[in-house]
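Visitor: Would you be able to build a 3D model of this:
(chains A and B)
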Amino acid sequence: MISVENLSIEQGAFRLEKVSFVVPSGAYAVFMGRTGCGKTTILEAVCGLRKVRSGKILLCGEEVTSKKPAARNIGYVPQDAALFSTLTVRQNLTFALSLRKWSAEAMRERAEELAEILGIRGILDRPAQQLSGGEAQRVALGRALAFFPPVLVLDEPLSALDEETREEMIGLLLSVHKQFGVTVFHVSHSRDDARRLATAVFCLQGGEVREESGFFGGERMGP
Amino acid sequence: MRESATNKAPETLPDWPFYTVLGVVGATYVSLIVAMLVADLFFTTPGHFVSALRSPEIRYSIQLSLFSCTVTTFFSLLVAVPMGYLMSRFSFRGKYLLDALLDVPIVLPPLVMGLSLLILFQTAPGKWVENYIPFTYAVPGVILAQFSVASAFAVRTMIVAFDQITPRTEQVALTLGCNRMGAFFRIALPEARRGIFAAATIAWARSLGEFGPILIFAGATRNRTEVLSSTIFLELSIGNIEAAVAVSILMIVAALVVLGVTRKFGLRSFSEKRV
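Guide: Residues are numbered from 1 along each chain as shown, chains lettered A, B, ... in the order given. A predicted model of the protein is given here:
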């Protein structure tokens, strides 16, 4: 569960005041809003990458507002994938595991398992900087999921992909959500993404977050 | 619709005068550079080279130049990498002022830099330091004089290098379990390796060419604080132009090698598009 209570963030001239919302455990929440309205700012605050002025952030019932990003156990996939370019795909996938002192054998097995799920078995030993956009997003997703985080945060992961790759990624995100049972917080511009992926949709408008119940009557949300 | 309004495409003048001006200005400038190098080459002979290299003073100055430039480069990187990271990644009060201060060694006349160092080591703290490490008119002084200018160029290069690396990868590393230091050493530093290489070569080349601050602060004493740039000055002052030109050509070759290496492995990468 992700619970945000009266969150206020100030960043230069930009301000968000008393934002509150709750993403239930195991939900796939798509967070929508116009460009510059503060979606990514809230996402970064949840991840611990942005200072908050006041309010609370709770993950799985535990308050993490003042905790460092490392202590929050969040899998984060940024828009541009932001792979570690000096490492191979395998090293990217096992980065979080090496910090958690997994054995070499356990890391190898986990990398193989993720590669199988994400369809990137053939590129495991390729340098990360030699990947296409779709491959990079898959690796970024695998890197975020590697350490079994209870919360997965995605910042417009589909926006820079071509139509075909986007379709593949949507299928992958659905299967990953089902298989891993993580709570997903997905920032997107696309109503189509929300219709096909979300079990809950939130809209940020005028500094206020509204849950759009039955907004789509769509494929995942049901009537 | 206004009477004067029309959909007719505007008539344009031909482009050739513009291209001609660009070509003439560019060719004149490049010709000047090439002409200087060619003139140096034609002025000297292999005999001048051999005779210059046989001189124990010039051999000492070559050795001291290589040694001092390498040590200066090491210390410049030691300062430039953290400074570049600080200036690139963090916002803090007084950053604007600090940014301007970093350029002081670049914009100050070199002689002023040397004089400032000399005066600094006449103060009480400076004299105290000299009790342990003699800087004025000594080899450490050569290194400090080189460092005072070369490090500023290295810092600027590292700021650009870190600016061109997205901070997003470090943020991802933070969420995956790193602290700030871990993200710096595991992610930022390896990604900045080409920038570090460029900063090192620029610092080395700047140190090799440094003259004014060394002359004022460390002097140009033969077999003691004489580096290649001082050699040119000393040989010219005694009328030995052939030796001065031979040493100049050595420095030109060193500079061209550094330039080539930097272009191939370092600075070129700054303009490469990230995947």
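Visitor: and the helix or strand hosting B:Pro213, what other elements does it pack with?
Guide: Counting by DSSP states H and E, the element that carries B:Pro213 is helix B:212-217. Judged by 3 or more Cβ pairs under 8 Å, 6 or more residues apart in numbering or on different chains; DSSP states H and E, helix B:212-217 is in contact with helix B:110-120, helix B:139-163, helix B:228-237. Every C-beta, even on glycine, is put in place using the N, C-alpha and C of the backbone.
Visitor: quick one: buried residues of stretch B:95-112?
Guide: Neighbour-count burial for stretch B:95-112 flags B:102, B:105, B:108, B:110 (criterion: 16 or more other Cβ atoms under 10 Å in any protein chain shown).
Visitor: list the contacts for the second one?
Guide: This points to B:Pro105. For B:Pro105, the contacting residues are B:113, B:148-149, B:151-152, by Cβ atoms under 8 Å, 6 or more residues apart in numbering or on different chains.
Visitor: Excluding residues flanking it in the chain, which one is nearest it?
Guide: B:Ala152 (3.8 Å; Cβ to Cβ, 6 or more residues apart in numbering or on different chains).
Visitor: pretty sure the one you found contacts B:Asp103?
Guide: Yes: contact criterion Cβ atoms under 8 Å: B:Ala152 and B:Asp103 qualify, at 6.9 Å.
Visitor: re earlier: give me the distance between the helix holding B:Pro213 and the centre of its chain.
Guide: Relative to the centre of its chain, helix B:212-217 is centred 17 Å away, using Cα atoms, centre = their mean, to the nearest Å.
Visitor: Could you do stretch B:233-246 as well?
Guide: Counting by Cα atoms, centre = their mean, stretch B:233-246 comes out at 25 Å from the chain centroid.
Visitor: Same question for stretch B:33-51.
Guide: Taking Cα atoms, centre = their mean, the mean C-alpha location of stretch B:33-51 is offset from the chain mean by 24 Å.
Visitor: Go through that stretch and flag the buried ones.
Guide: Using 16+ other Cβ under 10 Å as the test for burial, stretch B:33-51 gives B:44, B:48-49.
Visitor: now do stretch B:53-67
Guide: Residues of stretch B:53-67 classed as buried under the neighbour-count rule (16+ other Cβ under 10 Å) are B:55, B:58, B:60-62, B:64-65.
Visitor: pLDDT on it, on average?
Guide: Averaged across stretch B:53-67, pLDDT comes to 92.
Visitor: hang on, the earlier thing: from the buried residues of stretch B:53-67, pick the one nearest chain A.
Guide: Relative to chain A, the closest of those is B:Ser65; by Cβ to the nearest Cβ it sits at 33.7 Å.
Visitor: Might one say that the closest one is in contact with B:Leu208?
Guide: Yes: B:Ser65 is within contact range of B:Leu208, at 6.2 Å (criterion: Cβ under 8 Å).
Visitor: shared neighbours, those two?
Guide: Common contacts of B:Ser65 and B:Leu208, defined by Cβ under 8 Å, 6+ apart, comprise B:Leu228.
Visitor: can you list the residues that contact stretch B:172-180?
Guide: Under Cβ under 8 Å, 6+ apart, the answer for stretch B:172-180 is A:47-49, A:68-70, A:72, A:74-76, A:78, A:82, A:84, A:95-96, A:99-100, A:140, A:143-144, A:147, B:170, B:182-183, B:186-187.
Visitor: Alright, I will stop here.
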